[in-house]
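Visitor: Give me a 3D structure for the following:
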Amino acid sequence: MNKMSKFSHITKVHPCYNEKLHDKIGRVHLPVAPKCNIACRFCKRSVGEDCCEHRPGVSYRILKPEDVEEYLKKMLEKIPNLKVVGIAGPGDSLFNKETFETLEIINDKFPDLIKCLSTNGLLLPKYAKKLADLDVKTVTVTVNAIDPKILKDIVDWVYHNKKVYKGEEGAKILIENQIDGIKKAYDEDLIIKVNTVLIPEINMDHIIEIAKTLKDYVFLQNIIPLIPMYKMRNLRRPTCMEMSSVRDKCEEYIRQFRACQQCRADAAGLLSEEKILREKGLNLDIYDLKHFSH
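Guide: Here you go, the predicted model:
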């Protein structure tokens, strides 16, 4: 806990780590990472002008790294008290080289902004040190199960080392890399938050095992409700009572975040506002939304 306490200078000004800041500190997500290396059954990425849903995996457009500087200048003019810049997709941040190009630009042009990103963790063992070297402060890893028998019902396949793995084999590879990556990120002094999607029929009784396993490395856990869609459209959302119960059990091991807004990949502004800032004048092109970037 001594190591965790030294993160307070960051968590005191990061709205995704402190719910008291939702109406005080502004943040912006840069949608520079469209491609993904795993296929979650609840995830359907969507990019375009008609994307009006407020959920992860959605973006009005894809931002090119060369347009980041101009975009951030405009956001700093429009968003009160903007302090945090994040990369949260709409694919996996670490599976897109544009993420690292963008982080270098931010370091050069906007060194005072706090940098964070979200990832499924598959490539985190490979890139944990690089993220630390790029002065990334916080990393959110989505961990929905640590048992391959459970995760195989959540993730259809995993693309790793230029090969696709399915079923328990793929789930095992993902889990091993997530745990290894979280430990490596912790050793690099990155602040780690774990996001966990609560799927009542699949992982509700298992989530506490995630908390037990990662408690020594994770600063915060964010348990979020399933949005029934795509291949899980026929499953139900967890009830408020179920959400509260699972959070209470996990809080014995990891501090719980209870005010997640399940933001879009291009979210901007205060978290207390449901606002999408659409900059049509920036001439930002949409990339090919196929999964593989390598």
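
Visitor: For residue 182, which non-adjacent residue is spatially closest?
Guide: Excluding its sequence neighbours, the residue lying closest to residue 182 (CB to CB, 6 or more residues apart in numbering) is residue 217, at 5.2 Å. Every residue, glycine included, has its C-beta placed from N, CA and C.

Visitor: wait, the one you found sits on residue 186?
Guide: Yes. Counting by CB atoms under 8 Å, residue 217 does reach residue 186; the two are 4.2 Å apart.

Visitor: which neighbours do these two share?
Guide: Shared contacts of residue 217 and residue 186 (CB atoms under 8 Å, 6 or more residues apart in numbering): residue 192.

Visitor: residue ranges for the strands of the protein, please.
Guide: Under the criterion DSSP state E, strands of the chain are mapped to 26-29, 38-40, 46-47, 58-59, 82-87, 114-119, 136-142, 155-160, 163-166, 191-198, 220-225, 256-257, 268-270.

Visitor: okay, those strands, which one's buried deepest?
Guide: Ranked by mean neighbour count under mean count of other CB atoms under 10 Å, the strands of the chain are led by strand 58-59, which reaches a mean of 26.

Visitor: tilt between the longest helix anywhere in the chain and strand 155-160?
Guide: Assignment by DSSP state H gives helix 167-187 as the longest helix of the chain. When axes from the mean of the first three to the mean of the last three CA atoms, to 10 degrees is applied, the directions of helix 167-187 and strand 155-160 differ by 60 degrees.

Visitor: Just list the residues touching the closest residue to residue 88 other than its chain neighbours, thanks.
Guide: Spatial nearest neighbour of residue 88, excluding adjacent residues (CB to CB, 6+ apart): residue 118 at 4.2 Å. Contacts for residue 118 (CB under 8 Å, 6+ apart) come out as 56, 86-89, 93, 139-142, 195.

Visitor: Now render the strands of the chain as CSV, adding distance to residue 231 and mean pLDDT.
Guide: What follows is those, written out as CSV (distance: least, CB to CB, whole Å; pLDDT from 0 to 100):
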stretch, distance to residue 231, mean pLDDT
strand 26-29, 25, 85
strand 38-40, 9, 96
strand 46-47, 15, 60
strand 58-59, 17, 54
strand 82-87, 26, 92
strand 114-119, 21, 95
strand 136-142, 17, 96
strand 155-160, 8, 98
strand 163-166, 14, 98
strand 191-198, 13, 96
strand 220-225, 17, 95
strand 256-257, 27, 94
strand 268-270, 30, 60
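
Visitor: ranges for the helices of this structure?
Guide: 2-5, 8-11, 68-78, 97-109, 124-133, 148-151, 167-187, 207-214, 240-250.

Visitor: Now that residue 183 has come up, it's in contact with residue 218, right?
Guide: No. With contact defined as CB under 8 Å, residue 183 does not count as touching residue 218 (10.3 Å).

Visitor: So if I had to pick from the two, which one is more boxed in?
Guide: Using other CB atoms under 10 Å, the more surrounded residue of residue 183 and residue 218 is residue 218, with 23 against 17.

Visitor: pLDDT wise, what is that one at?
Guide: According to the prediction, residue 218 has pLDDT 97.

Visitor: From residue 249, how far out is it?
Guide: With distances taken as CB to CB, to the nearest Å, residue 218 is found 15 Å from residue 249.

Visitor: repeat for residue 219
Guide: As for residue 219, its distance to residue 249 is 18 Å (criterion: CB to CB).

Visitor: what do you get for residue 94?
Guide: For residue 94, the distance to residue 249 - CB to CB - is 30 Å.

Visitor: Per-residue confidence, the closest residue to residue 201 other than its chain neighbours, what does it come out as?
Guide: Distances taken as CB to CB, 6+ apart place residue 235 nearest to residue 201, at 5.7 Å, with adjacent residues excluded. You'll see residue 235 listed with a pLDDT of 98.
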